[in-house]
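Colleague: I'd like to go over a predicted model; first the sequence, then the structure.
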Amino acid sequence: MQHFLDIHKTDPDALRSMIDTAREMKSARNGRPKGTPDDTRPLAGHMVALIFEKPSTRTRISFDVGVRQMGGETMVLSGSDMQLGHGETIADTARVLSRYVDLIMIRTFEEATLLEMADYATVPVINGLTNRTHPCQIMADVMTYEEHRGGIAGRKVVWSGDGNNTFASWAHAAGQFGFDLTFTGPETLDPEPDLHSGIAIDRDPERAVAGADLVVTDTWVSMHDPQSARERRHNQLRPYQVNEELMAAAKPDALFMHCLPAHRDDEATSAVMDGPHSVIWDEAENRLHAQKAILRWCLGV
Ligand code: CP
């Protein structure tokens, strides 16, 4: 049984094999209607619980569709509709769900919830985002980069904005996939201190993106941030907006990514999001393919 909890906790060879599997499965579908199953149905007979304690569009739908394409069944559950949201412990929930389903994907707030679920479940658990990390997203992002530009090892990736959970998974991926990662953002919104080794930090966004192969950003106010902090965060992050001027300071063929949902013309302008550097729709699509590979790795099928 293998959990997919974080990129830095997963063997680099396994990560590489998941990306390869994702590309093969994407190619094998070859434009067939989205509601039809894959030729092979490795999840036939498998039941997957998808638990959401936070909102989601991409994660929810891509996991659901991915499991069905592979011949499995899903249950999409809201934490607040379960006894989990009314005092039942995570450990007891994990023990009970493990009697019904073959795999649990959970999007939750605290990392401790995910880890406790994994400790007590007797089936694989996948991290669908916590306040701390977002590993499925970055697997899709690495796949997307390599689809457009070849191997990511040795490339320069620059994150402009808030040092949030999505950045944390980029930092974990830098070590595992061997690319250089620069963070540019205000000191007050720095990544967690344990992420600083192995990344570069540059407060000047134009200097930071010089030579970048990929520029990435994310929303300025994450789901777990208080709305009362919105104005302060916007004021601090405005100099780090990804706009055409900033992209012009990167390599001419640099890509732009945003995991979405975006607040257009805040963290990135529409001109960049819809412009020639942007691969955001491929990035969103690749959530589906990357997660199908993660599911197969977890289940060993
Ligand atoms: N990027 C991402 O995780 O999107 P959702 O919040 O819509 O799932």
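Modeller: Yes, it's here. Note that the coordinates shown come from a computational prediction; the quantities given were computed from them, not determined experimentally.
Colleague: How about the contacts made by Ala121?
Modeller: By Cβ atoms under 8 Å, 6 or more residues apart in numbering, Ala121 lies in contact with 94-95, 97-98, 104. C-beta: built from backbone N, CA, C; applies to glycine.
Colleague: and the closest residue to it other than its chain neighbours, how many neighbours?
Modeller: Closest residue to Ala121 apart from its sequence neighbours, by Cβ to Cβ, 6 or more residues apart in numbering: Ala94 at 4.1 Å. By the criterion of other Cβ atoms under 10 Å, Ala94 has 21 neighbours.
Colleague: thought Ala94 was touching Thr113?
Modeller: No: counting by Cβ atoms under 8 Å, Ala94 stays clear of Thr113, with 10.1 Å between them.
Colleague: Specify the beta-bridge partners of Met257.
Modeller: Under DSSP bridges, the beta-bridge partners of Met257 are Val216.
Colleague: Can you say which helix or strand has the residue in the stretch 101-250 of the chain that the ligand sits nearest to in it?
Modeller: Residue of the stretch 101-250 of the chain nearest the ligand, by Cβ to the nearest ligand atom: Gln137 (5.3 Å). Using DSSP states H and E, the element containing Gln137 is helix 135-149.
Colleague: Now that helix: buried residues?
Modeller: By neighbour count on 16 or more other Cβ atoms under 10 Å, the buried set for helix 135-149 is 135-147.
Colleague: Could you give the number of residues near Pro42?
Modeller: Neighbours of Pro42 (other Cβ under 10 Å): 17.
Colleague: List of residues touching the worst-scoring helix or strand of the chain on mean pLDDT?
Modeller: When the helices and strands of the chain are scored by mean pLDDT, DSSP states H and E, helix 230-237 comes last with a mean of 94. By Cβ under 8 Å, 6+ apart, the surrounding residues in contact with helix 230-237 are 161-162, 185-186, 188-189, 220-221, 225, 266-267.
Colleague: tell me what the helix or strand that it is followed by is packed against?
Modeller: Using DSSP H and E, the helix or strand that directly follows helix 230-237 along the chain is helix 244-248. Packing contacts for helix 244-248, counted by 3 or more Cβ pairs under 8 Å, 6 or more residues apart in numbering; DSSP states H and E, involve helix 205-209, helix 270-273.
Colleague: now do 10 Å
Modeller: Packing contacts for helix 244-248, counted by 3 or more Cβ pairs under 10 Å, 6 or more residues apart in numbering; DSSP states H and E, involve helix 205-209, strand 214-217, strand 255-258, helix 270-273.
Colleague: Just name the most buried of those.
Modeller: Here the criterion is mean neighbour count by mean count of other Cβ atoms under 10 Å, and of the helices and strands packed on helix 244-248 the winner is strand 214-217, at a mean of 28.
Colleague: Make sure Arg107 is actually in contact with Val125.
Modeller: No: counting by Cβ atoms under 10 Å, Arg107 stays clear of Val125, with 11.7 Å between them.
Colleague: The two: who's more crowded?
Modeller: A count of neighbours by other Cβ under 10 Å puts Val125 above the other of Arg107 and Val125, at 28 against 24.
Colleague: is the more buried one in a bridge, and if so with what?
Modeller: Ile104.
Colleague: ok, which residues in this structure are in contact with the ligand?
Modeller: Residues of the chain found near the ligand (Cβ under 6 Å from any ligand atom) are 56-59, 129, 137, 259-261.
Colleague: Now the phi/psi pair for the nearest residue to Ser270 once chain neighbours are set aside, please.
Modeller: Distance criterion Cβ to Cβ, 6+ apart; nearest residue to Ser270, sequence neighbours excluded, is Arg264 at 5.0 Å. Backbone torsions of Arg264, given as degrees, to the nearest 10, read phi -60, psi 140.
Colleague: in which helix or strand would I find Arg41?
Modeller: Short version: Arg41 belongs to no helix or strand, going by DSSP H and E.
Colleague: ok, it to Cys298 distance?
Modeller: 16 Å (Cβ to Cβ, to the nearest Å).
Colleague: State the distance from the residue sitting furthest away from the middle of the chain to the ligand.
Modeller: Most distant residue from the mean C-alpha position of the chain: Gly87, 28.7 Å away (Cα atoms, centre = their mean). Gly87 is 26 Å from the ligand, where distance means Cβ to the nearest ligand atom, to the nearest Å.
Colleague: longest helix anywhere in this structure?
Modeller: helix 280-299 (DSSP state H).
Colleague: Which other helices and strands does that helix contact?
Modeller: helix 12-29, strand 47-52, helix 58-69, strand 103-107, strand 125-127, helix 135-149, strand 255-258, helix 270-273.
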